[in-house]
Structure formats: structure tokens, C-alpha cells
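Student: Got a sequence here, can you model it:
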Amino acid sequence: MTDLIWSFSPWLAFLAATRITSVYGGVAAGVAAAAIVTGRAVARRRLHLLDAAGLCYFLALGAVLVATHPGHLELWSRYAQAGSHAALTVIVFGSVLVGHPFTESYARQAAPAAAWHTRQFHAINQRISAVWGLAFLAGTLSLIIAGSTGDRQVLLRIIVPFGALYLAYRYTHKQTKRAKDASPPDEAAASGASGPAPASPSRQQTGHTA
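Tutor: The predicted structure follows:
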């Protein structure tokens, strides 16, 4: 789903810029991307949880850096990616715990209003969002280990985090297809939107997640 890719783009911009430049460059990239994403969402009247959370997170992180001027910038840089992943983990699991899984707002764009409050629609989005939360948790742990050691950086910073996101994507695709196949023809549209239409992680990296 296009909106889901847009929602994740500030976090991906931050991850990429942090590796290429510095933590300051990463925050600047995150703020710029989040501002664009939020402006687009507001203009389309489709502001999602991740859109607002991304802008708030990077503005807050930038404010902390400017106010404190941390002397141990290398330490911040080592754990910056883990911090962003941890924030996403909290946001995603938080949405599940309060009963409003973050994927529902994306799924509603393709589902008729009659399906939004059905038990199936909510249950599938709960599962899909929980799987995305587990993917971000796995990535967080991997990135923390990467920050504490100089070994296996490709494995810990790229293969494990993005591999976990790919598995979440595959699960989303499988659950969405199963819901469509299990629905009668006249309900296919409703159940087909039970999970967000998955977007390829390869496109997310260049450009992600239940």
C-alpha cells in the first residue's frame, strides 16, 4: 500500500542517512522526510499514526541533540538505529494493546465501511500488527547487539532487521490472501482489506509492515 510506504519512509531515510553521514544528518533526513509525509497526509486527509509519530520522534530527537550537544556522539551514532527501531516497536505494540492496531487505518482505505467494525477485520489487523511489532523487536535487539560489538555488522544491521521485516511482509500477504479466499464473492472486497495491501520491502528500502 502506497500510504504505508510513505509512513515508513522517514524512518528508512533516518537509517540510511545515519549510516552514510552522522546522527545529525540522520535526524535532518528524518525530519525532512517526516514533514513531507505529514504534509502529504494532511492534504489528502489521511493522517496515520505512523505519520504523526515519525514527525514527533525526529523533532524530539533533534531537539535533544541541539540542547545537550552530547560529547559522546560516537555512542549516539552506534545506537541511533536501535533507538528508531525501538520507537517503532513501542508504537506498533502500543497500538495493538489499546485495541487500535496501526494497520487498520491503511486497510480501511480499501475496505467498505461496513467491514471496518467486524470481528474478522479487527482480529486480522491485530495479528498482522503484532507480527510487525515482533519484526521491529527482533530488529531492535539485533541493532543493540550491533552497537555493542564491531563484528558482524552486515548481519546485525542489515540482514536480521530487514529479514524480519520481510517475514512480516510475507505474513501480511499470506493473511490478506487467506481472508480474500475465505470470503464469499460479495464480501471479497471487505475481507480483502482486512490487512493492508502489502508493499514489497525492496521498494520500501529504496523509497515497509503489519
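Student: okay, and for this protein, where does confidence drop off?
Tutor: Within the chain, the ranges that satisfy pLDDT under 70 run 1, 179-210.
Student: and after the longest helix anywhere in it, which helix or strand comes next?
Tutor: Longest helix of the chain, by residue count under DSSP state H: helix 119-148. Following helix 119-148 in sequence order, the next helix or strand is helix 153-154 (DSSP states H and E).
Student: buried ones in the helix or strand following that next one?
Tutor: Next helix or strand after helix 153-154 toward the C-terminus (DSSP H and E): helix 160-182. Across helix 160-182, burial judged by 16 or more other C-beta atoms under 10 Å covers 160-166, 168-169, 171-172, 175-176, 179-180. In this view, the C-beta of every residue, glycine as well, is placed from N, C-alpha and C.
Student: Also stretch 89-108?
Tutor: 89, 91-93, 95-96, 101-108.
Student: Tell me the spacing between Leu156 and Gly147.
Tutor: The gap separating Leu156 from Gly147 is 9 Å, by C-beta to C-beta, to the nearest Å.
Student: typed the wrong thing, it's Leu55
Tutor: Noted for Leu55: a distance of 25 Å to Gly147, by C-beta to C-beta.
Student: go on, Glu74?
Tutor: When distance is defined by C-beta to C-beta, Glu74 is 10 Å away from Gly147.
Student: got it, and Asp3?
Tutor: Noted for Asp3: a distance of 31 Å to Gly147, by C-beta to C-beta.
Student: for Ala29, same thing?
Tutor: Per C-beta to C-beta, Ala29 is found 19 Å from Gly147.
Student: rewinding a little: out of Glu74 and Gly147, which sits in the more crowded spot?
Tutor: Remark: of Glu74 and Gly147, Gly147 carries more neighbours, 20 against 10, as counted by other C-beta atoms under 10 Å.
Student: Nearest residue to the more buried one in space, please, no chain neighbours.
Tutor: Leaving aside its sequence neighbours, Gly147 sits nearest to Arg78 (C-beta to C-beta, 6 or more residues apart in numbering; 3.9 Å).
Student: Next, the angle helix 160-182 makes with the helix or strand harbouring the one you found.
Tutor: Following DSSP H and E, one finds Arg78 within helix 73-97. Helix 73-97 runs at 20 degrees relative to helix 160-182, counting by axes from the mean of the first three to the mean of the last three C-alpha atoms, to 10 degrees.
Student: just checking, what packs against the following helix or strand past helix 73-97?
Tutor: Toward the C-terminal end, the helix or strand that comes next after helix 73-97 (DSSP H and E) is helix 104-107. The contact analysis (3 or more C-beta pairs under 8 Å, 6 or more residues apart in numbering; DSSP states H and E) places helix 104-107 against helix 119-148.
Student: Show me which residues of the helix it packs on are buried.
Tutor: Neighbour counts over helix 119-148 (16+ other C-beta under 10 Å) mark 121-122, 124-147 as buried.
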